[in-house]
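Asker: This is a predicted model, with the sequence first.
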Amino acid sequence: MLSLEELAVRLFDAGAVRLGDIEAKIGRRTPIYFDLRVVVSHPQIMLSVAQHLEKLAKDINHELLCGVPYAALPLAAVMSINTNTPMIMKRKETKMYATKRILEGIFEKNQKCLVVEDVVTSGGSLMETVSTLRSEGLEVTHAVVVLDRDQGGVSVLKQNGIEVKSIFSLTGLLRILNEAGKISDETVDIILEHIKECQFSNLDFMKDNLEIMSL
């Protein structure tokens, strides 16, 4: 397993960390964007990320794993194989034929399911998956994520009954990349100012959900 410092640098070099004035979800702009989908092309990085997530999950009581579609699905699959923990998958939409399921896989009501996510910003995407799992009768109280962007999403999730453990916080990741010479002090300052200005609350989370539903 790569150390946190090695993993951060490998993720940066693989293009999972992008810098610039980038359009994010629902038209928001950000000076830093994370695309963890690229790790599927880097088996050693994907394995190391999964191993770090497994370490976070070790003390969490769970019987099932569910990755938030789509970026976290391969990570959850690797975790499932490594730990011999059954996995279920949430579809983006309900299957309109045959089983007509929103969840794929075998599960029973009241089983404890651990959610796996790549990045938490506002907490909306993760909470959407949690809501589906809960509506199907599963017990969901924890999530493990690769990166907490330090923008309030973890607090929002906690208010909704989800404790989050992350491999990296954005602040910690910036420190590692800065010390490794990958990003400048000026870039760090710009991103930290963005984090300070763009904080999300439970009210923002509910507003975003209404906007998405109206699209």
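Answerer: Here it is on my side, so go on.

Asker: what about the nearest residue to Leu174 once chain neighbours are set aside, neighbour count?
Answerer: Leaving aside its sequence neighbours, Leu174 sits nearest to Val188 (CB to CB, 6 or more residues apart in numbering; 5.0 Å). To be clear about C-beta, it is placed using only N, CA and C from the backbone, and glycine gets the same treatment. By the criterion of other CB atoms under 10 Å, Val188 has 16 neighbours.

Asker: got it, and the one 4 residues further on?
Answerer: For Leu192, the neighbour count with other CB under 10 Å is 15.

Asker: show me what contacts the closest residue to Glu139 other than its chain neighbours?
Answerer: Nearest residue to Glu139, sequence neighbours excluded (CB to CB, 6+ apart): Lys112, at 4.9 Å. Taking CB atoms under 8 Å, 6 or more residues apart in numbering, we find Lys112 in contact with Asn61, His62, Glu63, Leu64, Leu138, Glu139, Val140, Thr141.

Asker: Looking at these, which are in strands?
Answerer: Among these, DSSP state E puts Leu64 in strands.

Asker: Report the buried members of the contacts of Lys112.
Answerer: His62, Leu64, Leu138, Val140 (16 or more other CB atoms under 10 Å).

Asker: Check the contact between the second one and Ile88; I expect there is one.
Answerer: Yes - taking CB atoms under 8 Å as the contact criterion, Leu64 and Ile88 are neighbours in contact, 5.6 Å apart.

Asker: any shared contact partners between these two?
Answerer: Gly105, Phe107, Cys113.

Asker: follow-up on the earlier one: among the buried ones among the contacts of Lys112, which one lies nearest to Ile162?
Answerer: Ile162 lies nearest to Val140 out of those, by CB to CB, at 6.9 Å.

Asker: looking at this structure, which helix or strand is least sure?
Answerer: Across the helices and strands of the chain, mean confidence by mean pLDDT, DSSP states H and E is lowest for helix 202-214: a mean of 47.
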